[in-house]
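Visitor: the sequence and its predicted three-dimensional model are supplied below.
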Amino acid sequence: MDEIRAVVVDPAATGRLVLKQVAAPLPGRSEALMRVRAISLNLGEIRRARAADPGWRPGWDIAGIIEAPAADGSGPKKDARVVGFVPVAAWAEVVAVPTGSLAALPDNVSFEQAATLPVAGMTALYALSKNGSILGRPVLITGASGGVGQFAVQLAHLSGARVVASVSRAERAKYARESGADEVIVGGDLSAAARFGPYHLILESVGGKSLTAALAMLRSGGMCVLFGTSENPEVTFDARQFYSGGGILYGFILFDEVKREPPALGLPRLVDLMAAGKLRSPIEVRAPWSEIGKIAERLWNREIAGKAVLTI
C-alpha cells in the first residue's frame, strides 16, 4: 500500500477541500493503523482549512477498524472496532493513531455515532468537570444546538444539574429540549438567562456580548469555561463586577486538555454512555466523504445544527 485517498486543501475546490491520492502513513511503534469508516466535521477544522496552504490535510475525528496493531503491543488488536482522535490529517482512508488516543467500540455503537465523540464529546465532558460537581447546581450552556452544546446539555442533565440552554434561533430550541435542558433561552440576548442564575458553571462558545453577559451571571466561586468565540472574539465587561464576585474565567483548548487526560481515558466514558442508551449522537447530516467540500461549506455557513458525519 503505497498510496491512499485523503482530504486535502485545494483552493480551487468547493469548500477548498477535495479527495486526492497521498502517501500511505508509516506508523510509529506506539501507533496503530486504522482503516477509517467514518469522519466527523468540526468548525475549527473548516476554519483552518479556509486559510491553509494547498496540500494541507485537516481532520481530528475518526472511527473504523484496526488494520495493524501497534508494534509495541499497546492498544487494540487487529480487526478491533475503534474511535480515535488525532491532531491533524485524520480524514483519510488509513490513519496512524497513537494508542493513547483510541477507544474500543461495542457492536451497538455505529462508526457514524462514534465519530462525533472525540472533539465535540470530549470538549463537553472535560469542560463540565472544570468546577467540581454540578449535581443540583445551575449550569448555563450557550450554543446549545451545536455538536458540543447538545453533548454538554445531555451530560449536564445526566449529572443532575439544572440546565439552562441558549440557542440563536427559535427553530433550534428543539435540539436543546430534546437533549434535556430544563430551560431554553432563544435569541442573541443572553441576559434573559439571568433569572435562572446565578450559575455555578457556564459553558460559553459565542463570545462578544454573550460572554459579557455570562461573566455577570456567575455566583461566588462560579466558573465560565470559554471554548469558542463563534460570533465575536472581542469582549468588553465590567471587571470590577467580575472579580468582586469571585468568578473564574477558564480558557479551554481541547488539545491542551488531552495532554492531562488523554482520549483513551475520556472516550471510553462517552462510548459506555452511548452504548447504554444514555447519550445520543447529535447527527444532523450524513453523507459520503466525496461530498466533503459541499458539507464543509454548509457547516461554515451555519446551515447545520449538530454534527455532520461522512462515511468512507
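Guide: All right, it came through fine.
Visitor: CA only for contacts and neighbour counts going forward, please
Guide: OK.
Visitor: please name the nearest non-neighbouring residue to residue 116.
Guide: residue 40 (5.5 Å; C-alpha to C-alpha, 6 or more residues apart in numbering).
Visitor: tell me what that neighbour is bridged to.
Guide: residue 61, residue 309 (DSSP bridges).
Visitor: swap in residue 224?
Guide: Taking DSSP bridges as the rule, residue 224 bridges to residue 202, residue 249.
Visitor: which ones are touching it?
Guide: With C-alpha atoms under 8 Å, 6 or more residues apart in numbering as the criterion, the residues that contact residue 224 are 201, 202, 203, 204, 214, 215, 218, 247, 248, 249, 250.
Visitor: tally of neighbours for the fifth one?
Guide: Residues within reach of residue 214, counting by other C-alpha atoms under 10 Å, total 26.
Visitor: can you tell me the SS state at it?
Guide: helix (DSSP: H, G, I helix; E, B strand; the rest coil).
Visitor: the domain parsing of this protein - what is it?
Guide: Domains of the chain are assigned by automatic domain parsing as 3-119+260-311, 131-251.
Visitor: and of those domains, who's closest to residue 125?
Guide: The closest of those to residue 125 is domain 131-251. By C-alpha to C-alpha, the value is 6.9 Å.
Visitor: end-to-end on that closest one?
Guide: This stretch, domain 131-251, spans 13 Å end to end (C-alpha to C-alpha, to the nearest Å).
Visitor: looking at the contacts of residue 224, which gets the smallest pLDDT?
Guide: Checking pLDDT across these, the minimum falls on residue 247 at 85.
Visitor: and that residue, how far from residue 89?
Guide: Applying C-alpha to C-alpha to residue 247 and residue 89 gives a distance of 38 Å.
Visitor: what of residue 111?
Guide: Residue 111 is 18 Å from residue 89, by C-alpha to C-alpha.
Visitor: those two: who's more crowded?
Guide: Neighbour totals were compared for residue 111 and residue 89, and residue 111 leads with 23 against 17 (other C-alpha under 10 Å).
Visitor: show me what the nearest residue to residue 81 once chain neighbours are set aside is bridged to.
Guide: Distances taken as C-alpha to C-alpha, 6+ apart put residue 65 closest to residue 81, at 4.7 Å, once the chain neighbours are dropped. Judged by DSSP bridges, the bridge partners of residue 65 are residue 35, residue 81.
Visitor: please tell me I have it right and residue 65 contacts residue 35.
Guide: Yes - using C-alpha atoms under 8 Å, residue 65 is in contact with residue 35, at 5.2 Å.
Visitor: quick revisit: pull the number of nearby residues for the residue nearest to residue 81.
Guide: That count, for residue 65 with other C-alpha under 10 Å as the rule, works out to 22.
Visitor: where along this structure do the helices fall?
Guide: According to DSSP state H, the chain carries its helices in the segments 43-51, 111-115, 122-128, 147-158, 173-179, 209-215, 239-244, 254-260, 263-275, 292-300.
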